[in-house]
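J.: my questions concern the predicted model and sequence given below.
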Amino acid sequence: MVQKSFAIIVIAAVVLAGGCGDQREKAGVRPSIAEGGVIWSVNVGEVDWCSPAIGADGTIYQGDLYGNMFAINPDGSVKWRKVFGGCDLAESSPTLTADGKRMYFGTHNSPGEVYCVNPSNGEVMWTYTIPRGGGGIVSSAAIGADGTIYIGTGDWFEGNVGDIGDDRFFAINPDGTLKWIFRDEEETGTERTAFFANAAIGANGTIYIGSFKGYFYALRDEGNRVRVKWKFATKNRKGEFEEIWSSAAIDADGAVYFGSNSGKVYALRDLGKTYELKWQFRTYGEVWASPVIGADGTLRWKTRVLGQDETRTSPNIGVDGTVYVCGGVSGVLYAIKGAGPLAETAWPKMQRDLKNTGW
């Protein structure tokens with residue numbers, strides 16, 4: 001048997017990010033720029049969890065707090081900007097379909113809405129409104145092999161647990177109609193019940209998602225309904241359920257990795273009707289970040305070019321190795337000279353690939 005070596009990497013949720021102002025460079029990459037140096041930067045708007053997606057042609061898509069969705073050309077020029085009036089697009093990251101003909105994202109307003117737009121010009125193809133007075137959307141869409149869109153809901157604001165109003169996980173058909181809704185009615189003693197994490201979809205179609213109730217679920221889409229294959233409880237040292245913000249990564253053998261506020265990173269093997277806990281690793285604090293699978297864990301370069309701004313967004317890496325990351329409060333999207341494209345592993349970044357498909 002060939003022994004495979006890889007590292008499970010959890011990147012801190014807080015990244016140092018930069019100052020305001022449009023600092024876009026001239027088109028093209030200057031040969032003198034060293035790894036970790038800024039190629040260009042451009043103002044978008046304030047963001048929170050929303051991370052950029054990259055199309056097959058290199059276009060970068062980024063949403064902001066003020067209802068703007070930007071399409072940025074690889075040279076830093078604005079391809080288009082679409083304003084979704086009154087919408088908060090700072091949370092849910094855009095997700096592109098495999099053929100690049102559609103893009104999905106959610107709004108954080110209550111009730112939340114899922115938008116389907118044309119990536120070439122930002123025109124709306126359809127919207128789906130969360131029913132029955134539901135909460136906003138922080139979760140990013142994952143797209144199944146048949147085109148089904150999977151996305152979670154739930155409001156939560158720092159210091160105001162009364163704003164938690166929804167804890168449902170949705171499957172939406174490619175035409176914008178509802179397929180099914182999943183909600184776990186079991187009480188776990190936690191105040192927070194939202195689905196903030198992004199779904200990850202295994203090779204056999206199993207949907208993996210964690211919730212604020214403290215459960216990590218393996219779900220099976222059966223067409224007009226959803227079935228729970230199994231669920232795994234994440235608990236702290238006192239045996240109390242702890243919420244899950246972390247989205248899962250899946251390796252080539254189907255093992256699933258994620259973290260929780262229990263202060264642990266878990267590795268589970270899906271056995272069909274149940275699971276096997278491969279290992280758990282205790283960290284020094286709550287794990288909000290999503291793991292990725294790397295060929296090693298070796299530091300290639302680091303940069304402080306983003307200054308003192310806080311951001312929860314995750315970076316994305318273009319096919320030429322350029323790293324794209326957005327400052328949280330400043331709302332500056334940076335293109336940074338990288339060492340190469342995504343690692344050739346099963347799950348090299350949050351949401352797995354450049355388009356954020358999660359599958």
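T.: Yes, it's here.

J.: could you point out which element follows the lowest-mean-pLDDT helix or strand in the chain?
T.: Least confident element among the helices and strands of the chain, by mean pLDDT, DSSP states H and E: strand 15-17 (a mean of 31). The first helix or strand that comes after strand 15-17 along the chain, using DSSP states H and E, is strand 38-43.

J.: where does residue 74 land in three-state SS?
T.: The three-state label given to residue 74 by DSSP: H, G, I helix; E, B strand; the rest coil is coil.

J.: how about the nearest residue to it once chain neighbours are set aside, secondary structure?
T.: Excluding the flanking residues, the one nearest residue 74 by CB to CB, 6 or more residues apart in numbering is residue 58, at 3.9 Å. For every residue, glycine as well, the C-beta is placed using N, CA and C. Using three-state DSSP, the structure places residue 58 in coil.

J.: try residue 269
T.: Residue 269 - assigned by three-state DSSP - is strand.

J.: for the nearest residue to it once chain neighbours are set aside, phi and psi?
T.: Using CB to CB, 6+ apart and skipping the chain neighbours, the partner closest in space to residue 269 is residue 276 (4.3 Å). Backbone torsions of residue 276, given as degrees, to the nearest 10, read phi -120, psi 130.

J.: need the pLDDT of residue 276.
T.: At residue 276, the model reports a pLDDT of 97.

J.: how far away is it from residue 329?
T.: According to CB to CB, to the nearest Å, residue 276 and residue 329 sit 42 Å apart.

J.: more neighbours: the two, which one.
T.: Higher neighbour count among residue 276 and residue 329: residue 329, with 17 against 10, using other CB atoms under 10 Å.

J.: how far away is that one from residue 66?
T.: 13 Å.

J.: okay, and for the stretch 51-200 of the chain, where does confidence drop off?
T.: Residues of the stretch 51-200 of the chain meeting the criterion pLDDT under 70: 133, 155-165.

J.: repeat that for 90
T.: Residues of the stretch 51-200 of the chain meeting the criterion pLDDT under 90: 85-86, 109-111, 132-136, 154-167, 187, 189-193.

J.: let me see the ranges of the strands in the stretch 1-150 of the chain.
T.: Secondary structure of the stretch 1-150 of the chain (DSSP state E, counting those that start in this stretch): strands at 7-10, 15-17, 38-43, 53-54, 60-63, 68-72, 78-83, 95-96, 103-106, 113-117, 124-129, 142-143, 149-152.

J.: residue 192 is nearest to which of those strands?
T.: With CB to CB as the measure, strand 149-152 is the member of those nearest residue 192 (12.7 Å).

J.: tell me the pLDDT at residue 294?
T.: pLDDT, residue 294: 76.

J.: show me what it is bridged to.
T.: residue 7 (DSSP bridges).
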